[in-house]
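In: Provide a 3D model corresponding to the input given below.
(2 chains, ligands or ions: 1)
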Amino acid sequence: MSTDLLYTEVEEDLRAAVRRVLRDRCEVSSVLARCESDEPYDLALWRTLAGELGVAALAVPEELGGGGAGVRELAVVAEELGRSVAPVPFLGTVLATAALTAAGAAEPIAEIGAGTLVTTLAVGLATRPSARIEPAVRVDGATLTGTATAVVDLEVADRVLVPATGPDGTGLYLVDTAVTGVSRTPVTPLDLTRRFGTLELTGAQARLVAADAEPVLRRALLTAAGVLAAEQVGLAQHSLDSTVEYVRTRYQFGRQIGSFQAVKHRLADLWSGVSTARATSRNAADSLSDADAEAELAVALAQAYCSDLAVLAVEESLQLHGGIGMTWEHPIHLYLGRAKSAQLTFGTAEHHRARIAELVDLPSA
Amino acid sequence: MTDAAELRSAVREFLAAHDPGGDRLEFLRARFDAGLAWVNYPVGLGGRDAPRELQTVVDAEFAAAGAPDNAPSRNGIGLGMAAPTILRFGTDEQRARYLRPLWTGEEIWCQLFSEPGAGSDLAALATRAVRDGDDWIVEGQKVWTSFAHKAKWAILVARSDPDAPKHKGLSYFVCDMTDPNVEVRPLRQITGEAEFNEVFLNGVRIPDSQRLGEIGQGWQVAMGTLMNERVAIGGGNTGRESGMIGVVARKWRDDPEVRTPGAHDRLLRLWVEAEATRLTGQRLRQQLAVGTPGPEGSAVKLAFSRLNQEISGFELELLGEQGLSYGDWTQRRPETVDFTGRDPGYRYLRAKGNSIEGGTSEVLRNVIAERVLGLPPEIRTDKDVPWKELPR
Ligand SMILES: Cc1cc2nc3c(=O)[nH]c(=O)nc-3n(C[C@H](O)[C@H](O)[C@H](O)COP(=O)(O)OP(=O)(O)OC[C@H]3O[C@@H](n4cnc5c(N)ncnc54)[C@H](O)[C@@H]3O)c2cc1C
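Out: Okay, the predicted model is just below:
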C-alpha cells in the first residue's frame, strides 16, 4: 500500500485546535511587537500549546510519557506554527524530544510535555542530518567543557542536551542552564521569530542520557528536518493565501491587480508549488512516523523541495505587495526571515540533493 | 462496502474459473462482466461501486497471475475521457451499449473537440449540428484529432444553436467514425509520425439517441470530459523513477562517460522535481478516491508537462554526438501515445505537445487562478453575445 498523503480526521481536529489558539493569542502584529521587546518568545503561549494541547511531546511514545501520536500529527502542528510564525521554542523541543525518544530516556520528557521546562539540543542549526557530528565539548567525569554554536531556542531553554566527547566516545548529556559553568550568548538572528545562541560550558555539571550519541542525534536531526518541511509548507501556504487576498482587494489601473494575467499566472504556479511541497512533506512525515527505511530519502526530498519553495513563496508575496511589503509594519519580513533561515537550517536544498544522490545511486562526475 | 480482501478473493475466484492464458478478448469481457474492470463503476457496468483506489489491488492481482490487460495506452481517450463522460451523462442504453467494448479495447475512441478556429477557446467552435427528425446532421471540420485513424467512436461537440451565446448553443454527441461521411486525413506532426488527424464531417447523420446530455448542455458535458483528461495526462499510478526521469537516471548510472558536475546538479534538481510531482499526483489520486476530479488535476498536468520537456531536452544534451541523430522520420500511424518510448530525439519532440494537448499551460494557469484561488475571471467581450455575431 502506498504512503498515505492526506490528513486524517484526528489530524484535522488537532489543526483546528492549534489554529484556534494561535488566532486568539498569536496575531502577527503582536508577534512583530514581541520581536522588538525584551521577551521575544511567548512562553505563556507555549505553555498553553504544550500543556493544554500537548503539542510538545506529541510524537513521543506513551510508554516514555509522551502523547503517543506520530510525526504526522507533529507535522500538522508545525504547519500551523509556520503559518503564524509563532515565536515559541518549538524546533528545539522537537530536536530534544526526538533525541530523548531515540535514547529511550523517559524521565526528562514529562516536564517538556507539560511545557514547564524548555529543553533544546546543542547541535548547530545548520547541521545536516547526515553529517558526522564532532562536538567541541569535552566530558570530564560528570562535567562538560567547551562550546556549542547556533543552538536553537537557547535563551529560553531550562535544559540543554549536549553531545560531548570523552575517552569513551561521544555521549549525550543533559545540562541544567541554571548551574554554574553555563553561559549563554544570544546571536542577533535574521529570523526574528526563532532565536539561537552560543553555549559555553566550563566544568558544568551534566548527566549522561545516552552513551552513544551518534544514532540519537541522527534520528533527532532527521525528525526535526522532516517537521521543518511541514513548517515551511505552512509558511508558504500563508504567503500564498495572504497574497491572493491582497491582490483581490488592491486596485490599480481601475482593476483588481489579481485580474491581471501576469499576476494570476504567478500565483497559479505558486499554488502548484505549494501543493507539490505539501505532498513531499506529507510523505516525509508518514515515513518518519513509520520509522521506515525510506525516511532518510523522504526527508531529503522534502527539504530539497520545501525549503526553496517557502523562500520563493515569501519573495513572490513581497513583490506582489509592492511598496507596502518593504515596510517594517507589514509582517512579510518576519516570514522572509523565517523562510530564508529555514532554508539554511539542517542543510540547504543543495546539501539535500547531494544526499539524495548518495541514497539513490546517482554519483557525481 | 467492498474492501481489499474481498476484492482479492473475488479476483482469485475469477482466475480459478477463467484461464488467463486463454482467449484474450473472452477473458477481458468476462472480467468486465464480473465487475472487476474498473471497481468504482456501478454493478453491471464493469464495476462494483467500490472506492476508486482499490483498483490498484485488482490490477496487481491480475498482473501477478500474468493475465492480459486491456492495453490502456491504446485507448487513452476512451478510458480516460469518454467513459467517465458516458457514465455521468449517458442514458442506461448508452452505458450498456458503449462501456464494455470501450473497456476491453474492442472499440477505440477519439475526441472531436478542437477546430482550426477553436482550440483554447473551445466554446467558439463552428461545427454545426442541425436537427432533422430523429437525427442530427453534422457539418464541419475538426483538427488535431489523436487516433481518429484507429477510432470506432468519437466524442463530439457541435453547435446546435448559433443564435445562443457561445457556451449555451452546444450539444454533445457520440459520432460513428466509420460513417462514410466522416473523412479522416493524417496530419503529420513534428515527430514525423501522424498521431493526430484532420477530420471532416461532411453532413454526418447522427441519431438523437447518440446525444449525451441535454440539447444545449454540451459545454457542461465537455467540461466534465476535460477535467478527466487533465487527470489522465497528469499521470497514472506509477513508481519512483517512472517516466522520463527513469530514462535519464538509468543512462547516468550505466554510462559514466556522460557525467559532468553541471549535469549532475541538473539531474538532481530534475530528480527532485520528478519525485515531488509523482507524489503530488499520488496525493491527488488519494483525494480523487474520496471525491471527484477538481481543478487540482491541472496542477499535476502543468508540472508534468514542464518536467517532461526539460528532462527530454536534458537527455539529448547528455548524449552528445548520439543526440544529433534521429531514429526514424518515416510517416507512420502509431497505435499508442508514447512519451518515453522510441528514441531520444522522438521523446524530445513529442514532449513539446504535453503543454498544448489537453489544455495549454497558460489556460491551465487561468483555471487554477480562477477556480482554486478565486481570482477575478478574464475580462470577456464575448459574454451574452450570440455566437454568430462574434468576431472570428
Ligand atoms: C499532441 C496533441 C494532441 C491533441 N489531441 C487532440 C484530440 O485528440 N482532440 C482534440 O479535440 N484536440 C486535440 N488537441 C488539440 C489541443 O487541445 C489544442 O491544440 C489546444 O487546446 C490549444 O489550442 P490551439 O492549438 O488552437 O492553440 P491556441 O488556443 O490558438 O493557443 C495559442 C497560444 O495562445 C495561448 N493562449 C490562448 N488563449 C489564452 C488565454 N486566454 N490566456 C493566455 N494564453 C492563451 C495558448 O496558451 C498558446 O500558447 C491535441 C493537441 C496536441 C498538441
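In: so where's chain A uncertain?
Out: For chain A, the stretches with pLDDT under 70 are A:1-2.
In: residue furthest from the geometric center of it?
Out: Residue distances from the centre of chain A (C-alpha atoms, centre = their mean) peak at A:G254, which lies 42.3 Å from the mean C-alpha position.
In: state the distance from it to chain B.
Out: For A:G254, the distance to chain B equals 11 Å [C-beta to the nearest C-beta, to the nearest Å]. In short, each C-beta sits where N, CA and C put it, glycine included.
In: care to break the chain down by domain?
Out: In the absence of a named chain, chain A is used. Following automatic domain parsing, chain A resolves into domains at A:9-118, A:137-214, A:217-359.
In: that was the other one, I meant chain B.
Out: Taken from automatic domain parsing, chain B resolves into B:4-69, B:109-216, B:222-372.
In: distance between the ends of the last one?
Out: Start to finish, the residues bounding domain B:222-372 are 19 Å apart (C-alpha to C-alpha, to the nearest Å).
In: same deal with the shortest one?
Out: Start-to-end span of domain B:4-69 (C-alpha to C-alpha) is 20 Å.
In: give me the average confidence score over it.
Out: Mean pLDDT, domain B:4-69: 94.
In: B:D134 and B:R205 touch, don't they?
Out: No. Look at B:D134 against B:R205 with C-beta atoms under 8 Å: they stay out of range, at 9.8 Å.
In: in chain A, what residue comes closest to the ligand?
Out: A:Q261 (6.1 Å; C-beta to the nearest ligand atom).
In: repeat that for chain B.
Out: Closest point on chain B to the ligand, by C-beta to the nearest ligand atom, is B:G119, at 1.7 Å.
In: tell me which parts of the stretch 151-300 of chain B are close to the ligand?
Out: B:F196 (C-beta under 6 Å from any ligand atom).
In: can you give me the helices for the stretch 151-300 of chain B?
Out: Using DSSP state H, counting those that start in this stretch, the helices of the stretch 151-300 of chain B run over residues B:218-234, B:244-254, B:261-289, B:296-319.
In: now these in CSV, with mean pLDDT?
Out: Formatted as CSV, those follow (pLDDT from 0 to 100):
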stretch, mean pLDDT
helix B:218-234, 78
helix B:244-254, 97
helix B:261-289, 92
helix B:296-319, 93
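In: residues in contact with residue 191?
Out: As the question left the chain open, I've gone with chain A. A:337-338, A:340-342 (C-beta atoms under 8 Å, 6 or more residues apart in numbering or on different chains).
In: please go with chain B instead
Out: Taking C-beta under 8 Å, 6+ apart, one finds B:346, B:349-350 in contact with B:T191.
In: straight-line length of stretch B:344-361, end to end?
Out: 23 Å.
In: hmm, that stretch touching chain A?
Out: No. Judged by C-beta under 8 Å from any C-beta of the partner chain, stretch B:344-361 stays clear of chain A, getting no closer than 9.1 Å.
In: in that stretch, what's buried?
Out: B:344-355, B:357-359, B:361 (16 or more other C-beta atoms under 10 Å in any protein chain shown).
In: my guess is B:R269 contacts A:R353. True?
Out: Yes. B:R269 lies in contact with A:R353 (C-beta under 8 Å); the separation is 6.8 Å.
In: more neighbours: these two, which one.
Out: A:R353 (23 against 17; other C-beta atoms under 10 Å in any protein chain shown).
In: you'd agree that one is in a helix?
Out: Yes. Under DSSP: H, G, I helix; E, B strand; the rest coil, A:R353 falls within a helix.
In: with adjacent residues omitted, what lies nearest to it?
Out: In this structure, A:R353 finds its nearest non-sequential neighbour in B:L268, 4.0 Å apart by C-beta to C-beta, 6 or more residues apart in numbering or on different chains.
In: what is the burial count for that neighbour?
Out: Neighbour tally, B:L268, other C-beta under 10 Å: 22.
In: show me what contacts it?
Out: Residues near B:L268 by C-beta under 8 Å, 6+ apart: A:353-354, A:356-357, A:362.
In: just among these, which is most surrounded?
Out: A:R353 (23 neighbours).
In: I'd say that one and B:E275 touch.
Out: No. The criterion here is C-beta under 8 Å, and A:R353 misses it with B:E275 at 11.2 Å.
In: residues contacting the closest residue to B:L302 other than its chain neighbours?
Out: The shortest distance from B:L302 to any non-neighbouring residue, by C-beta to C-beta, 6+ apart, is to B:L364 (5.1 Å). Under the criterion of C-beta under 8 Å, 6+ apart, the neighbours of B:L364 are A:268, B:230, B:298-299, B:301-302.
In: state the distance from B:L156 to A:S272.
Out: 32 Å (C-beta to C-beta, to the nearest Å).
In: who has more neighbours, these two?
Out: It is B:L156, of B:L156 and A:S272, that has more neighbours when counted by other C-beta under 10 Å, with 31 against 24.
In: name whatever forms a beta bridge with the more buried one.
Out: Bridge pairing for B:L156 (DSSP bridges) gives the partners B:L112, B:F173.
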